[in-house]
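Novice: Show me how the following folds:
(4 chains)
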Number of protein chains: 2
Amino acid sequence: MSESVAPHARASEPTSRGAATARRISAAAVDLVIEHGYDATTVDMICAAAGVSQRTFFNHFPTKEASVIGVDGPRLDESRVRSFIAGTSPSILGDAIELIAQSVLAAAPDIDGMRRRMQAITSSPTLMQRQIDQFAVIERELAEIVQYRLARVSSPDEPEGDLQAQSRLTAHLLAGVMRYVAGAVMAGDRAAAGDAIIETRRQLAALLPKLAGG
Amino acid sequence: MSESVAPHARASEPTSRGAATARRISAAAVDLVIEHGYDATTVDMICAAAGVSQRTFFNHFPTKEASVIGVDGPRLDESRVRSFIAGTSPSILGDAIELIAQSVLAAAPDIDGMRRRMQAITSSPTLMQRQIDQFAVIERELAEIVQYRLARVSSPDEPEGDLQAQSRLTAHLLAGVMRYVAGAVMAGDRAAAGDAIIETRRQLAALLPKLAGG
DNA sequence: ACAAGAATTACAGTAACTGCACTTTTCTAT
DNA sequence: ATAGAAAAGTGCAGTTACTGTAATTCTTGT
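Specialist: I've put the predicted structure just below:
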């Protein structure tokens, strides 16, 4: 049936038959979106390119968008979370940015594939928006983690409700920062994502005292 | 044809014929979404309730979503922007929150209608997401405004590029804060939106020094 | 080899949205 | 007041994303 199922990029997992076609579909989607743009790419086109029926497409991906950006957003790395909570650096926000960035990077086994996907995503505001939304999913998780760390630098008589509110607030703040980073990277302000993150930490360090009113 | 076009709530503008039907459609949409939920409400249902053809519906609203949340997001009030820039309060973030909140409130002539719309929006995660996206539109505008204010509390030898980056960052941060406020209001943590804003300012004042690393 | 189960498929249908050509209503100039 | 222009509304046909159902083709353990 299928002539070949991509002879390259077979690094770690055996990946069941189903997952293989999912990757084939996703790859086709990314390619077509890069070539024609998101709106001009129909599901039928993707199916034809992947050698698959439309119904199979929707068995693997809930939406056309998902076939390009992926089904699941990034997850926070368990061990990195632990060291974040235990961290003593004065910049909680900076540490959190690092935590997120490292987790995302760690979850990307295929660098080249990720680069292409990024390229496809930047071609459409819709996709960029969804990508950002995906990041927001870890917000709740993040709020919980920040609360532990925040408790250590707070005065003991501060009510727990405040601490919880501040943690949630921090998580939303972080989402804003990540959004800024994403924007900076996509706008090409910085060559690599790593540079953008370092730069953002620097700006943040200079900015926060002003906002807080030093 | 239409039995009556809502005999109440005719306060200020004459509002051309076209705008009137747009309001009729939107009102029908909000009502139906509150009753059946967003997904279970079809465009055809809205059209029937508004006494309008489907084609007319899409002449007034680009999407089904727009008929519920509105076409345009909030705009910043001109005079309030001026006094924000001229402000001397130590909390820039706090002032900015106030600016946004007041602008949004000022743009809502019909309190009861807004309340109903809010109720409809909260019934669906999709709609909530779109509502938040709408807020993001003023981000660019906000970044420009913040830059003027930020320039006054920065050292004169700080490069302008940094100032610009920090302004943009602040705008994204603010988007995060507004998102938090929206979430708090919708979750019913606070009775009124005004309370939520005041409370958020308080939490922010306590939080920022910790994040900055005092 | 064969039965159980997963993967894929065709088919038919719903719902959002668009372009086009047409009718009706409203506004404006005389 | 009335004609003519402009705006608002409509019907229809078509595209595209997405879903349910039931039949069909692999894949795999024994």
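
Novice: which one in chain A is furthest away from the centre?
Specialist: A:Asp157 (36.6 Å; C-alpha atoms, centre = their mean).

Novice: Please give the element, helix or strand, for that one.
Specialist: When elements are defined using DSSP states H and E, A:Asp157 is found to belong to no helix and no strand.

Novice: separation between it and A:Leu163?
Specialist: Relative to A:Leu163, A:Asp157 is positioned 11 Å away (C-beta to C-beta, to the nearest Å). From N, CA and C alone the C-beta is placed, and that goes for glycine too.

Novice: Let me see the domain layout of chain A.
Specialist: Residue ranges of the domains in chain A are recorded as A:17-68, A:78-212, according to automatic domain parsing.

Novice: So which of those domains is nearest DNA strand D?
Specialist: domain A:17-68 (3.4 Å; C-beta to the nearest atom of the strand).

Novice: close to chain B, is the closest one?
Specialist: No. Using C-beta under 8 Å from any C-beta of the partner chain, domain A:17-68 never reaches chain B; the gap is at least 12.0 Å.

Novice: For that domain, measure first residue to last.
Specialist: The first residue of domain A:17-68 is 20 Å away from its last residue (C-alpha to C-alpha, to the nearest Å).

Novice: averaged over its residues, what pLDDT does it have?
Specialist: Mean per-residue pLDDT for domain A:17-68: 97.

Novice: Look up the pLDDT of A:Val185 for me, please.
Specialist: A:Val185 is assigned a pLDDT of 76 by the prediction.

Novice: State the distance from it to A:Asp195.
Specialist: Here the distance between A:Val185 and A:Asp195 works out to 9 Å (C-beta to C-beta).

Novice: same thing with A:Gly37?
Specialist: According to C-beta to C-beta, A:Gly37 and A:Asp195 sit 28 Å apart.

Novice: Between the domains of chain A, which one is closest to DNA strand C.
Specialist: When the domains of chain A are ranked by proximity to DNA strand C, the top entry is domain A:17-68, at 3.1 Å, counting by C-beta to the nearest atom of the strand.

Novice: gap between the closest one and the chain center?
Specialist: A distance of 20 Å separates the centroid of the chain from that of domain A:17-68, by C-alpha atoms, centre = their mean, to the nearest Å.

Novice: does any part of that domain sit near DNA strand D?
Specialist: Yes. Applying C-beta under 7 Å from any atom of the strand, one finds domain A:17-68 in contact with DNA strand D at A:17, A:41-44, A:54-55, A:58, A:62-65.

Novice: Chain A against DNA strand C: which residues are in contact?
Specialist: A:16-18, A:21, A:51-56, A:59-60.

Novice: Need the buried ones from those selected in PyMOL.
Specialist: Selecting in PyMOL just the buried members of the residues of chain A next to DNA strand C, where the criterion is 16 or more other C-beta atoms under 10 Å in any protein chain shown, is done with this command:
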select buried, chain A and resi 21+52+56+60
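
Novice: what's the most distant pair in the residues of chain A next to DNA strand C?
Specialist: Spanning the widest gap among those are A:Ser16 and A:Gln54, at 21.8 Å by C-beta to C-beta.

Novice: For chain A, give me the ranges with low pLDDT.
Specialist: Scanning chain A with the threshold set as pLDDT under 70 gives A:1-15, A:188-191, A:213-214.

Novice: and with 80 instead?
Specialist: Low-confidence segments of chain A, defined by pLDDT under 80, span residues A:1-18, A:107-109, A:185-194, A:212-214.

Novice: quick one: the helices in it?
Specialist: Residue ranges of the helices in chain A, as given by DSSP state H, are A:17-36, A:43-50, A:54-60, A:64-69, A:78-86, A:92-106, A:111-122, A:125-136, A:139-152, A:160-186, A:193-212.

Novice: Can you list the buried residues in the first one?
Specialist: Residues of helix A:17-36 classed as buried under the neighbour-count rule (16+ other C-beta under 10 Å) are A:21-34.

Novice: quick one: contacts of it?
Specialist: If you take C-beta atoms under 8 Å, 6 or more residues apart in numbering or on different chains as the criterion, helix A:17-36 is touched by A:2, A:5-6, A:15, A:41, A:45-47, A:49-52, A:56-57, A:60-61, A:64, A:67-68, A:70, A:113, A:116-117, A:119-120, A:123-124, A:127.

Novice: just the angle between it and helix A:43-50, please?
Specialist: Using axes from the mean of the first three to the mean of the last three C-alpha atoms, to 10 degrees, the direction of helix A:17-36 lies 120 degrees away from that of helix A:43-50.

Novice: Equivalent analysis for the last one, please.
Specialist: Here helix A:193-212 points in a direction 140 degrees away from that of helix A:43-50 (the same axes, to 10 degrees).

Novice: what helices or strands is helix A:193-212 leaning on?
Specialist: Identification of packing neighbours for helix A:193-212 by 3 or more C-beta pairs under 8 Å, 6 or more residues apart in numbering or on different chains; DSSP states H and E yields helix A:92-106, helix A:160-186, helix B:92-106, helix B:160-186, helix B:193-212.

Novice: Up against DNA strand D, what does chain A have?
Specialist: Where chain A comes near DNA strand D, counting by C-beta under 7 Å from any atom of the strand, the residues are A:1, A:17, A:41-44, A:54-55, A:58, A:62-65.

Novice: How about the contacts made by A:Leu76?
Specialist: Applying C-beta under 8 Å, 6+ apart, we find A:Leu76 in contact with A:99-100, A:103, A:138, A:141-142, A:145.

Novice: Before I go, just wanted to say thanks for your time.
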